[in-house]
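> have a look at this prediction, sequence included:
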Amino acid sequence: MTYLKQKRQSRFNGFTLVEIIIVVVILGIAAMMAVPMFSGAADMQVRAAANRLAADLDYAKGLAVTYQKSCSVVFNPANESYQIQYADGTSVKNPVRPDQDYIVSFSTDSNMSRVNIDSTDLTDDTVTFDYMGSPYAGLGTTTSLNSGLITLKADDFTMTVNIEPMTGYVSISGL
């Protein structure tokens, strides 16, 4: 009699198919939620660079309004860099390091070393903000900005910083 009881009990040890399926579904849902949180280094670098660029464009616009003096952001896609300067060519000093000009170089910054300035649709790769914060095409010109797109890229990840004509509002879009 004890042999039959032991045999019956051994049949019920373990997991049922339904229990296994439920566990697999829960693990699948958890994995789908976790995957977007793990983005690559290139993605993070482009996001950081786009945020930095947007902040620097706003900074240049703020300088122009504050000092009532046109201020330009000059891009150098070949060197993966840009510089903030006044429209008369005088360099703006870096507020963090006052002994240095305000130049941002993605290639020398270890946090953004994979980022490339893929393209700009700016005249002479320059945008100038006047004393009211309105953007203009080129360095020290009076030609209104029609479009202000700066595309940043690292590996296959791309983000675009957009400067709105007339208002100079800066926004970021990306895939």
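Arrived safely, thanks for sending. None of these values were measured; they are calculated from a predicted model. Residues are numbered from 1 along each chain as shown.
> isn't Thr158 up against Leu152?
Yes - using Cβ atoms under 8 Å, Thr158 is in contact with Leu152, at 7.0 Å. Where you see a C-beta, it was placed from the backbone N, CA and C, and this is true even at glycine.
> what residues are up against Val115?
For Val115, the set of contacting residues under the criterion of Cβ atoms under 8 Å, 6 or more residues apart in numbering consists of 45-46, 49, 80, 106, 152-154.
> what residues do Thr158 and Leu152 have in common as contacts?
Any residue near both Thr158 and Leu152 by Cβ under 8 Å, 6+ apart counts here, and that gives 46, 118.
> more neighbours: the two, which one.
With other Cβ atoms under 10 Å as the criterion, Thr158 and Leu152 differ in neighbour count, and Leu152 comes out ahead with 27 against 16.
> quick one: buried residues of the top helix by length along the chain?
What stands out as the longest helix in the chain, according to DSSP state H, is helix 41-67. By neighbour count on 16 or more other Cβ atoms under 10 Å, the buried set for helix 41-67 is 43, 45-50, 52-54, 56-57, 59-61, 63-65.
> sketch out the low-pLDDT regions of the chain for me.
Across the chain, the stretches falling below the confidence threshold (pLDDT under 70) are 1-12, 34-40, 175.
> all helices for the protein, in order.
Assigned by DSSP H, the chain shows helices spanning 2-11, 17-34, 41-67.
> number of nearby residues for Ile29?
Counted with other Cβ under 10 Å, the burial measure for Ile29 works out to 10 neighbours.
> how far away is it from Ile22?
Distance from Ile29 to Ile22, counting by Cβ to Cβ, to the nearest Å: 11 Å.
> please compute how far stretch 109-121 lies from its chain's middle.
Stretch 109-121 has its C-alpha centroid displaced from the chain centroid by 10 Å (Cα atoms, centre = their mean, to the nearest Å).
> nearest to Pro98, of the helices of the chain?
For the helices of the chain, distance to Pro98 was read as Cβ to Cβ. The smallest value, 14.2 Å, belongs to helix 41-67.
> which helices and strands sit right next to that closest one?
Contacts of helix 41-67 with other secondary structure elements, assessed using 3 or more Cβ pairs under 8 Å, 6 or more residues apart in numbering; DSSP states H and E, are made with strand 71-76, strand 81-86, strand 103-105, strand 126-129, strand 148-154, strand 157-163, strand 170-174.
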